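Q: Have a look at this prediction, sequence included:
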Amino acid sequence: MSFENKQQDLQELKKGLQDIQNIKNNKEKALLVFIKFKNFRSKEESYHNVLIKKDDFEDNIEELTNLTKSAGAEVAHIIKHNQDKPNPKYYISIGKLEEIQQIISDKDINIVIFDDELSPSQQGNLEEKLNIKVIDRTALILDIFAQRAQSREGKLQVELAQLNYLLPRLKGKGLILSRLGGGIGTRGPGETKLEVDRRKIRERINLLEKRLSQISIQRETQRKLREETGVFKIAIAGYTNSGKSTLLNSLTNANVLEKDMLFSTLDSTTRKLDLEIGIDVSISDTVGFIEKLPHQLIAAFKSTLEEVVKADLILMVVDLSNSNFENHIISVKKVLSEIGAKDKNTLIVFNKIDKVDNDLLIKSTKLVYKDCVFISAKNKVGFDKLIEKIKEIILLNNVKFLITIPYSESGFESKIYNTCNIIEKKYLDSDINLIVSCDYKNFLQISSMVSTKYKNIKISKIK
């Protein structure tokens with residue numbers, strides 16, 4: 001083989017390797033679509049959007065752009081559009097739809113992402129019209145969750161959410177045949193295949209729900225064990241990428257993944273927090289919240305989110321360096337309300353103060369948000385005040401519980417009167433039932449006495 005041929009072969013090999021690398025690095029080019037309706041409010045419109053009355057798309061654009069990048073796509077173009085109300089067929093107006101067709105052609109777009117949730121028919125009509133993949137914000141977030149899930153439970157939860165989202169959007173030849181009015185020639189294999197797919201998805205959903213129910217029972221057993229041993233439970237909640245995992249790692253050396261991206265961690269992690277106050281404390285990291293968090297995810301991650309619902313204290317971590325932090329607080333409170341945790345004892349923890357150069361911002365925030373703390377979880381700044389505040393809350397935390405005292409141990413009743421507030425008292429055939437409340441430290445002392453000296457007395461916390 002001549003030298004020239006060897007050189008040519010070498011060049012072709014290099015080109016082939018470069019082509020392979022380009023394929024690996026190739027990202028989907030996304031067109032993001034944001035629509036603001038002038039004279040329309042959907043039933044699903046969040047309390048958040050109504051309250052702050054946004055006049056522009058900037059916050060939404062930044063968030064959806066970050067979500068798109070987190071999913072591994074490249075934002076090639078952004079469309080902002082005002083219209084009176086949603087187009088029932090395409091969601092967006094016909095004129096803007098034609099503009100999107102032109103942009104897809106000019107910029108070689110291969111995916112269109114809408115910031116709002118599309119109905120199954122709207123999504124199907126758009127894909128048919130644009131001849132390209134069209135997804136909404138919910139599908140994008142589900143895709144990110146699918147990439148991030150690591151544990152068995154997390155993967156099951158994401159799959160369940162995806163299948164519940166997919167089921168009403170499942171389409172095939174059967175949808176077309178069903179419009180022909182039935183009869184000869186309309187009962188084809190396409191329709192049969194579609195129904196088979198639907199049945200398989202429903203069966204898989206039922207199976208996933210059963211498996212997650214079993215995991216939920218295991219979690220509940222673990223929680224009850226912690227309650228019986230007097231463990232004070234803290235849950236870290238907050239907007240995604242606010243620094244929750246960093247805080248958990250800094251407080252407990254948990255070694256949870258820390259990454260500057262949305263939804264970097266999905267799986268709940270619980271660790272012991274040693275506060276040296278004679279009380280066992282556990283602290284759990286949870287999945288990050290976001291504005292317009294898909295209801296499929298809230299339902300699927302029910303067992304994980306129960307760590308927040310069952311907590312004695314919620315640390316709401318807020319990224320103070322984010323200019324939109326006040327809206328994030330509103331969004332997190334909305335999700336806490338949806339999962340039944342809005343009345344929980346909550347401490348707001350403003351994080352990332354190392355990224356804030358504006359002293360006036362910190363001073364004004366202290367005036368608006370009372371009894372909060374300011375920290376840098378990364379640099380462990382402000383941890384003394386944070387731990388001091390947690391200790392104070394634990395020691396003053398009020399516990400409501402039921403105690404059943406047999407008449408043979410009636411002398412124990414006086415100990416309850418000395419340390420607790422009596423809410424309700426009932427004399428039954430064989431024992432006395434007291435519903436009482438006291439601070440957490442006294443509750444632990446009573447629990448310890450019951451478990452060691454008064455085995456016939458039963459005690460249980462009331463939610």
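A: That came through fine.
Q: just the strands in the stretch 351-463 of the chain please.
A: 373-374, 398-406, 421-427, 431-439, 458-461 (DSSP state E, counting those that start in this stretch).
Q: any idea which helix or strand carries the closest residue to residue 380 other than its chain neighbours?
A: In space, and not counting its chain neighbours, residue 380 is closest to residue 250: 5.4 Å by C-beta to C-beta, 6 or more residues apart in numbering. In short, each C-beta sits where N, CA and C put it, glycine included. Take DSSP states H and E as the rule and residue 250 turns out to sit in helix 244-252.
Q: Low-confidence ranges, the protein, go.
A: 1-26, 39-57, 171-193, 223-230, 254-267, 295-296, 299-304, 463 (pLDDT under 70).
Q: could the strands of the stretch 351-463 of the chain go into TSV alongside mean neighbour count and distance to residue 122?
A: Converted to TSV, the strands of the stretch 351-463 of the chain look like this (neighbours: other C-beta atoms under 10 Å; distance: least, C-beta to C-beta, whole Å):
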stretch	mean neighbour count	distance to residue 122
strand 373-374	21	45
strand 398-406	17	49
strand 421-427	11	53
strand 431-439	18	52
strand 458-461	15	48
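Q: Distance to residue 89 added to those, as a markdown table?
A: Below are the strands of the stretch 351-463 of the chain laid out as a markdown table (distance: least, C-beta to C-beta, whole Å):
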| stretch | distance to residue 89 |
| --- | --- |
| strand 373-374 | 50 |
| strand 398-406 | 54 |
| strand 421-427 | 58 |
| strand 431-439 | 58 |
| strand 458-461 | 54 |
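Q: Of all those, which one is nearest residue 307?
A: strand 458-461 (16.4 Å; C-beta to C-beta).
Q: other SSEs contacting that closest one?
A: With contacts taken as 3 or more C-beta pairs under 8 Å, 6 or more residues apart in numbering; DSSP states H and E, strand 458-461 sits against strand 398-406, helix 440-452.
Q: Who are the contact partners of the closest residue to residue 366 other than its chain neighbours?
A: Closest residue to residue 366 in three dimensions, ignoring its sequence neighbours and counting by C-beta to C-beta, 6+ apart: residue 372, at 7.2 Å. Shown in contact with residue 372 (C-beta atoms under 8 Å, 6 or more residues apart in numbering): 347, 348, 349, 350, 365, 366.
Q: picking up where we left off before, quick one: closest of the strands of the stretch 351-463 of the chain to residue 243.
A: For residue 243, the closest of the strands of the stretch 351-463 of the chain is strand 373-374, at 12.4 Å, according to C-beta to C-beta.
Q: quick one: strands adjacent to the closest one?
A: strand 346-351 (parallel) (DSSP bridges).
Q: Let's see the host helix or strand of residue 102 as CSV, backbone CA atoms only.
A: Assigned by DSSP H and E, residue 102 belongs to helix 94-107. Presented in CSV, the C-alpha positions along helix 94-107 are these (Å, rounded to 0.1, in the frame of the first residue of the first chain):
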residue,chain,number,x,y,z
ILE,A,94,-53.0,29.5,13.7
GLY,A,95,-50.9,32.5,12.7
LYS,A,96,-48.2,31.7,15.4
LEU,A,97,-48.4,28.1,14.4
GLU,A,98,-47.4,29.0,10.9
GLU,A,99,-44.5,31.1,12.2
ILE,A,100,-43.4,28.0,14.3
GLN,A,101,-43.4,25.9,11.1
GLN,A,102,-41.1,28.4,9.4
ILE,A,103,-38.7,28.5,12.4
ILE,A,104,-38.5,24.7,12.5
SER,A,105,-37.5,24.7,8.9
ASP,A,106,-35.0,27.6,9.2
LYS,A,107,-33.2,26.5,12.4
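Q: And it, what's buried?
A: Residues of helix 94-107 classed as buried by neighbour count (16 or more other C-beta atoms under 10 Å): 96, 97, 100, 104.
Q: Verify the stated contact: the residue nearest to residue 380 with residue 381.
A: No - between residue 250 and residue 381 there is no contact under C-beta atoms under 8 Å: 10.1 Å.
Q: With neighbour numbers in mind, choose between these two.
A: residue 250 (19 against 15; other C-beta atoms under 10 Å).
Q: Report the contact partners of the more buried one.
A: 377, 378, 380, 383.
Q: hmm, try it at 10 Å
A: 243, 258, 375, 376, 377, 378, 379, 380, 383, 386 (C-beta atoms under 10 Å, 6 or more residues apart in numbering).
Q: the longest helix in the protein is where?
A: helix 189-228 (DSSP state H).
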